[in-house]
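K.L.:
Starting from these lines, generate the structure:
(4 chains)
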4 protein chains.
Amino acid sequence: MIKPIAILLSFCLITAFSTKQKKVIFFGDSITQAGVNDIGYITKMQKIAKDEGFADKVELIGKGIGGNKVYDLYLRMYDDVLSHNPDIVYIYIGVNDVWHKQSHGTGTDANKFERFYQAIIDSMQARQIDLILVTPGVIGEKTDFSNSLDGDLNQYSKIIKSLAEKNNTGLIDLRGMMIDHNKTNNPENMEKGVLTRDRVHLNEKGNDFVANIFWKTLKDKL
Amino acid sequence: MIKPIAILLSFCLITAFSTKQKKVIFFGDSITQAGVNDIGYITKMQKIAKDEGFADKVELIGKGIGGNKVYDLYLRMYDDVLSHNPDIVYIYIGVNDVWHKQSHGTGTDANKFERFYQAIIDSMQARQIDLILVTPGVIGEKTDFSNSLDGDLNQYSKIIKSLAEKNNTGLIDLRGMMIDHNKTNNPENMEKGVLTRDRVHLNEKGNDFVANIFWKTLKDKL
Amino acid sequence: MIKPIAILLSFCLITAFSTKQKKVIFFGDSITQAGVNDIGYITKMQKIAKDEGFADKVELIGKGIGGNKVYDLYLRMYDDVLSHNPDIVYIYIGVNDVWHKQSHGTGTDANKFERFYQAIIDSMQARQIDLILVTPGVIGEKTDFSNSLDGDLNQYSKIIKSLAEKNNTGLIDLRGMMIDHNKTNNPENMEKGVLTRDRVHLNEKGNDFVANIFWKTLKDKL
Amino acid sequence: MIKPIAILLSFCLITAFSTKQKKVIFFGDSITQAGVNDIGYITKMQKIAKDEGFADKVELIGKGIGGNKVYDLYLRMYDDVLSHNPDIVYIYIGVNDVWHKQSHGTGTDANKFERFYQAIIDSMQARQIDLILVTPGVIGEKTDFSNSLDGDLNQYSKIIKSLAEKNNTGLIDLRGMMIDHNKTNNPENMEKGVLTRDRVHLNEKGNDFVANIFWKTLKDKL
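P.N.:
Model (predicted):
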């Protein structure tokens, strides 16, 4: 008669599993670095998690560094992500890969963006990490496609979407969502001030926007 | 009874006016420089003029120099345009103002583009030249707004359109027309080969396209 | 016998001439804009002028605007310089013409730098303004020629020197002087902190350095 | 009495060792890609090897691809170098890392250049490959440090020299040697035509120059 023990064991296992806290890392640039500030999107997600009763079920960790491009994530993925054994990782990169072409002459070639991004995905999937890829938001909020880097942002977003599909990861097309939001909420075609404070970095409304979108995908995994 | 003489005079004036050959200068960059080649858009316009019986009524002169930006047109407008006393001038510039940001680091600031363009307009209008402003075509023919310089091309086209309105000149929104054409004729989202041979410079179809559009506006003035 | 009167008149004229206050305009970019600050080089020159008893003989006017390139000086030379009828003008430009290649993609082509600079010289010399051309200082103070823009700064300085010679103007090779100074005073090959606070903009020592050099050339003209 | 056999074995081993052909890979960009052409530096080295009686002792393999930067070498080092088990590798990279800042906006940040270069060194040294690092030659041959990218080339050369020292590899300071050569052989301060045909790519004299320098270091290892 080993059944009672088996049942007990199963119960323990299920309990253990269901109460196991999921470790989530947000891996990105200055937008994510600011995500842990008072009004940052990660801070806001933590509040939402608490309000909705998920406080014990999830640990949210920001690993954003200002100015980072895909190369930087590649170089620090062991130290900052893999060594922490996360369950879920949001990769939120691409703005500087495009922007630095213009501001520093050291942006990322499209083909290299894809190669190094793929290498990050490979390393993470080899450790069974659940990945959510995020397309870069905006550099300029004008809605008539006259922000100077719109073309490249669209192109790099396409690359990310195709990587998500090819590698069977999660995907948040944040760029598409921000553009859609602004079409409705930016009738004056302003270049900043809707979801960003400076064309790139999220203002409080932008942080709310991102927190809600990210939370929706995360909640389903808890 | 002076009426007969008045009528005669009027007749002479009308005749003189109607037979006076109009001098037309196309003022631009490498696209216009190539416009006088065998398959160039200016050569094609000359054929059209001949076919439609306007050969004697119009003289078409190409003044395009490869690599030119608005600054270059400004610097050579006296030598290459004003000193020739044209009746009509097509100003067809802007591709390099945007492109050279990426390829040489010496593109044109948007505010300077507007200032120097306005200065050219002022000098030409002071001589009663009939102006037609042309928006820059394309740098890349992809139709999903993922060509890397689409944002800036849209922005500089907006500036040109606003200059045309403000200065009451003619306007050909060539960029808008090429994009519309490609939406229908480039279902595979190719980056070249529809109207251009290399993403920027017109192939024969592109030269036909431009010749027909330019001719339509010109014919009305002859 | 009109001689006494003539002598008297001559005396008055000489007196008038010798006491006539010279109007000096410093025409430039952010370095000159900051030149009128408390520790700015123009403020320091005013103190020197006072200390040396030239306070009544010279009026020093700063006309610097941040981010300006040669194109900007060209566009605002009537409003900001010629309309003020200065006797002497220091043209101190070039840093942004080089720097913006890297930081904005909108630097100035070398040939255009020369053309527009020459046009400024022509307009000013046509009004008998005494010109002093100044080569751009530094973008980075490392002394082993490994500052990323050293090559271009050297090239644009060569252009300015050749313009000075060709147009018979005054010349201050500020770049050469700053490099010489740093060879002695920057043994650790620091990229900033010797004469600049941020690789480009003058710290107090830098403002002293420039004030003394500029004053030396100015004093001879008073 | 095993001595004769021992002697024989020793002889065979020595012979085997001394006759073992060394496999040498030149790992680089378009300059190395052209190195296997008729007048290319690798072809010339093969002729020298033959003339000097080293034909059987060395195998020279070109692995250059046009446009390559340090990132590209990193991405293809397994396929193109490590999988071939070379004895010696010349790493000859850096021109595009600097040049593409200006021509494409996708040059390499100095700190990333160092990080990825180090990663290549690590992978090769882990396989006991004998490394020779080569500093990038020139982009423009003017000898008065007014080539627009001189500053960065000097900086990236400094990084390579410091990597060589730190990792105890061989070093050829090709940039220093080319500059020294031009100081004597380019009295007219030409920007091309001394060792290059186009400011960057080696003409025949340049290929001779590089072949001789590289051979000198290689011969010592055979």
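
K.L.:
all contacts plus neighbour counts: C-alpha atoms, from now on.
P.N.:
Fine.

K.L.:
Which residues are in contact with A:Ile121?
P.N.:
Counting by C-alpha atoms under 8 Å, 6 or more residues apart in numbering or on different chains, A:Ile121 makes contact with A:131, A:167.

K.L.:
Pull the distance from the host helix or strand of it to the chain's centre.
P.N.:
For A:Ile121, the enclosing helix or strand under DSSP states H and E is helix A:110-125. Chain-centre distance of helix A:110-125: 15 Å, with C-alpha atoms, centre = their mean, to the nearest Å.

K.L.:
Show me what the helix or strand just after that helix is in contact with.
P.N.:
Later in the chain than helix A:110-125, the nearest helix or strand by DSSP H and E is strand A:130-134. Strand A:130-134 has contacts (C-alpha under 8 Å, 6+ apart) with A:87-93, A:121, A:124-125, A:160-161, A:164, A:169-174.

K.L.:
Just the ones of the residues you listed in helices?
P.N.:
A:121, A:124-125, A:160-161, A:164, A:174 (DSSP state H).

K.L.:
Helices along chain A, start to end?
P.N.:
Going by DSSP H, chain A shows helices at A:3-19, A:30-33, A:41-51, A:70-80, A:95-103, A:110-125, A:150-167, A:174-185, A:204-219.

K.L.:
CA atoms only for stretch A:87-106, dumped as PDB, please.
P.N.:
Extracted in PDB, the C-alpha atoms of stretch A:87-106 (Å, rounded to 0.1, in the frame of the first residue of the first chain):
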ATOM      1  CA  ASP A  87      12.900  31.400 -15.200                       C
ATOM      2  CA  ILE A  88      11.800  34.100 -17.600                       C
ATOM      3  CA  VAL A  89      13.800  36.800 -19.400                       C
ATOM      4  CA  TYR A  90      12.500  39.900 -21.300                       C
ATOM      5  CA  ILE A  91      15.000  41.000 -23.900                       C
ATOM      6  CA  TYR A  92      14.200  44.700 -24.500                       C
ATOM      7  CA  ILE A  93      16.900  46.100 -26.800                       C
ATOM      8  CA  GLY A  94      17.400  47.800 -30.100                       C
ATOM      9  CA  VAL A  95      17.000  51.600 -29.500                       C
ATOM     10  CA  ASN A  96      20.700  52.200 -29.200                       C
ATOM     11  CA  ASP A  97      21.600  49.800 -32.000                       C
ATOM     12  CA  VAL A  98      19.700  52.200 -34.300                       C
ATOM     13  CA  TRP A  99      20.300  55.500 -32.500                       C
ATOM     14  CA  HIS A 100      24.100  55.200 -32.200                       C
ATOM     15  CA  LYS A 101      24.400  55.100 -35.900                       C
ATOM     16  CA  GLN A 102      23.400  58.700 -35.800                       C
ATOM     17  CA  SER A 103      24.800  59.900 -32.500                       C
ATOM     18  CA  HIS A 104      28.100  58.000 -32.300                       C
ATOM     19  CA  GLY A 105      28.700  56.300 -35.600                       C
ATOM     20  CA  THR A 106      28.700  53.000 -33.800                       C
END
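
K.L.:
Now do it, average pLDDT.
P.N.:
On average, the pLDDT along stretch A:87-106 is 97.

K.L.:
what about it and chain D, touching?
P.N.:
Yes. Stretch A:87-106 is in contact with chain D by C-alpha under 8 Å from any C-alpha of the partner chain, via A:100-102, A:104-106.

K.L.:
Disregarding residues adjacent in the polypeptide, which is nearest to whichever residue of chain A sits closest to chain C?
P.N.:
Chain A approaches chain C most closely through A:Ser103 (4.3 Å), counting by C-alpha to the nearest C-alpha. Computed as C-alpha to C-alpha, 6 or more residues apart in numbering or on different chains, the closest residue to A:Ser103 that is not its neighbour in sequence is C:Ser103, at 4.3 Å.

K.L.:
how much space between A:Ile139 and A:Gln33?
P.N.:
Distance, A:Ile139 to A:Gln33, by C-alpha to C-alpha, to the nearest Å: 17 Å.

K.L.:
now do A:Leu222
P.N.:
24 Å.

K.L.:
More neighbours: which of those two?
P.N.:
Neighbour count, other C-alpha atoms under 10 Å in any protein chain shown: between A:Leu222 and A:Gln33, A:Gln33 has more, with 20 against 13.

K.L.:
Contacts only, for that one.
P.N.:
Counted by C-alpha under 8 Å, 6+ apart, A:Gln33 has contacts A:62-66.

K.L.:
I'd like to know which residues of chain A are adjacent to chain D.
P.N.:
Close to chain D, as judged by C-alpha under 8 Å from any C-alpha, chain A has residues A:71, A:100-102, A:104-109, A:112.

K.L.:
Which ones, among these, also lie beside chain B?
P.N.:
A:101-102.

K.L.:
any chance of the residues of chain A next to chain D in TSV, plus neighbour count?
P.N.:
Shown next, in TSV, are these (neighbours: other C-alpha atoms under 10 Å in any protein chain shown):
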residue	neighbour count
A:Tyr71	20
A:His100	23
A:Lys101	28
A:Gln102	27
A:His104	22
A:Gly105	29
A:Thr106	27
A:Gly107	27
A:Thr108	25
A:Asp109	17
A:Lys112	15
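
K.L.:
which among the residues of chain A next to chain D gets closest to B:Lys50?
P.N.:
Set against B:Lys50, the nearest of the residues of chain A next to chain D by C-alpha to C-alpha is A:Gln102 (47.2 Å).

K.L.:
Low-confidence ranges, chain A, go.
P.N.:
Scanning chain A for pLDDT under 70 picks out A:1-19.

K.L.:
Skipping its backbone neighbours, what lies nearest A:Ile172 in space?
P.N.:
That would be A:Val134: by C-alpha to C-alpha, 6+ apart, it lies 4.8 Å from A:Ile172.

K.L.:
Can you report how many residues lie near that neighbour?
P.N.:
With other C-alpha under 10 Å as criterion, A:Val134 counts 23.

K.L.:
who does it bridge with?
P.N.:
Counting by DSSP bridges, A:Val134 forms beta bridges with A:Tyr92, A:Ile172.

K.L.:
distance of it from A:Ser162?
P.N.:
12 Å.

K.L.:
ditto for A:Asn189
P.N.:
Distance from A:Asn189 to A:Ser162, by C-alpha to C-alpha: 30 Å.

K.L.:
Between these two, which is the more surrounded one?
P.N.:
Legend: neighbour count by other C-alpha under 10 Å for A:Asn189 and A:Ser162, higher for A:Asn189 (17 against 14).

K.L.:
So the more buried one sits against A:Glu141, correct?
P.N.:
Yes. A:Asn189 lies in contact with A:Glu141 (C-alpha atoms under 8 Å); the separation is 7.3 Å.

K.L.:
Any residues of chain A in contact with chain B? List them.
P.N.:
Residues of chain A lying near chain B (C-alpha under 8 Å from any C-alpha): A:101-102, A:145-155.

K.L.:
Please work out which of the helices of chain A is packed deepest.
P.N.:
helix A:95-103 (a mean of 25; mean count of other C-alpha atoms under 10 Å in any protein chain shown).

K.L.:
ok, and what's touching that helix?
P.N.:
The set of residues external to helix A:95-103 that reach it, using C-alpha under 8 Å, 6+ apart, is A:29, A:67-70, A:106-108, A:113, A:136-139, A:149, A:152-153, B:101-102, C:102-105, D:101, D:104-106.

K.L.:
switch to 6 Å and redo it
P.N.:
A:69, A:106-108, A:136, C:103-104, D:105-106 (C-alpha atoms under 6 Å, 6 or more residues apart in numbering or on different chains).

K.L.:
What about those residues, which are in strands?
P.N.:
Per DSSP state E, strands hold no members of these.

K.L.:
Out of these, which is nearest to chain B?
P.N.:
The nearest one, if we look at these relative to chain B and count by C-alpha to the nearest C-alpha, is D:Gly105, at 6.0 Å.

K.L.:
A:Gly105 is in contact with the closest one, correct?
P.N.:
Yes. If you go by C-alpha atoms under 6 Å, D:Gly105 and A:Gly105 touch, sitting 3.9 Å apart.

K.L.:
what's the first-to-last distance across stretch A:177-196?
P.N.:
Note: stretch A:177-196 ends 14 Å apart using C-alpha to C-alpha.
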